[in-house]
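In: prediction below, plus the sequence it came from.
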Amino acid sequence: MNPEGFWIDHVIYGVMDADAACERLREEFGLGSVPGSQHLGGTTNRIVPLGPQCFLEILGVGDTSLPDGAWLNATLQGQDRVLWWCLGVADLDATAESRGLPIRSGKARDEDDKIVFRSAGMPQYPLPFFLQLMGDPADRAQINAERYAAANHDCAPTDYTFVEVGDFAPVLEGWLGEDHGLPVRYEPGTGPGIHACGIATANGEIVLR
């Protein structure tokens, strides 16, 4: 963990059909999933819990007449792929201030839980954005443990092993800081943003692209 307390909170896997993608992840890798929170902008989602502090978000195209659904549909162009990533931070105020970023607050509600969060840097896509969950950490840990159990994985995932990006290294290093300590692999010539990620499991590393 770097001095700012970064960790990979989640990677966003953009898909045309969230339910179909989750079925494929179960069949190919043994990854289970649980329902995500309600989205109002035209996207759908499911969550693949990976460990105490991280997950894979399956972000699906929903209503393309709404802005988020239309953006995701145009961005994917029919191809499921790793799309974006998010960093958890220990002190979002300090992280945002040092980069001149405004902080936004939000809520995500599902059947069992209301998640309150603060974020910074989302308009800078495809650079990673920063997130801080609010509320009692013990409550969040319990929710994460319950979701992990409900996913009923066949492979016991634990954490991210790497993210692969096509960004010009100085750009991302300038955004994160040279001592960010994150498992970033650079693949020049593949275009900006994240293109792949690795997930550690009891059955070996899973690589998603």
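Out: Alright, I've got the coordinates.

In: can I get stretch 151-167 in PDB, CA atoms only?
Out: Extracted C-alpha coordinates of stretch 151-167, given in PDB (Å, rounded to 0.1, in the frame of the first residue of the first chain):
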ATOM      1  CA  ALA A 151     -21.700 -15.900  -4.400                       C
ATOM      2  CA  ASN A 152     -20.800 -19.600  -3.700                       C
ATOM      3  CA  HIS A 153     -17.600 -19.500  -5.700                       C
ATOM      4  CA  ASP A 154     -16.000 -22.700  -6.900                       C
ATOM      5  CA  CYS A 155     -12.500 -21.200  -7.000                       C
ATOM      6  CA  ALA A 156     -12.100 -19.200  -3.700                       C
ATOM      7  CA  PRO A 157     -10.900 -15.800  -5.200                       C
ATOM      8  CA  THR A 158      -9.000 -13.600  -2.900                       C
ATOM      9  CA  ASP A 159      -7.600 -10.400  -4.600                       C
ATOM     10  CA  TYR A 160      -6.300  -8.700  -7.700                       C
ATOM     11  CA  THR A 161      -2.900  -9.800  -8.900                       C
ATOM     12  CA  PHE A 162      -2.400  -7.100 -11.600                       C
ATOM     13  CA  VAL A 163      -4.100  -4.600 -13.800                       C
ATOM     14  CA  GLU A 164      -2.800  -4.100 -17.400                       C
ATOM     15  CA  VAL A 165      -3.000  -0.600 -18.900                       C
ATOM     16  CA  GLY A 166      -2.100   0.900 -22.200                       C
ATOM     17  CA  ASP A 167      -1.500   4.400 -20.800                       C
END
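
In: least confident secondary structure element in the chain?
Out: Lowest on mean pLDDT, DSSP states H and E among the helices and strands of the chain sits strand 104-109, with a mean of 75.

In: tell me the contacts of the residue of the chain most remote from its centre?
Out: Here the chain reaches farthest from its C-alpha mean at S65, the gap being 24.3 Å by Cα atoms, centre = their mean. By Cβ atoms under 8 Å, 6 or more residues apart in numbering, the contact list for S65 reads G42. C-beta: built from backbone N, CA, C; applies to glycine.

In: SS state for it?
Out: coil (DSSP: H, G, I helix; E, B strand; the rest coil).

In: quick one: it and M16, what's the gap?
Out: 16 Å (Cβ to Cβ, to the nearest Å).

In: likewise for R24?
Out: 11 Å.

In: how many neighbours does the nearest residue to A156 once chain neighbours are set aside have?
Out: Nearest residue to A156 in three dimensions, chain neighbours excluded: A202, at 3.9 Å (Cβ to Cβ, 6 or more residues apart in numbering). Residues near A202, counting by other Cβ atoms under 10 Å, number 11.

In: next one: P3
Out: 10.

In: quickly find the element holding the residue nearest to A156.
Out: A202 belongs to no helix or strand when elements are defined using DSSP states H and E.
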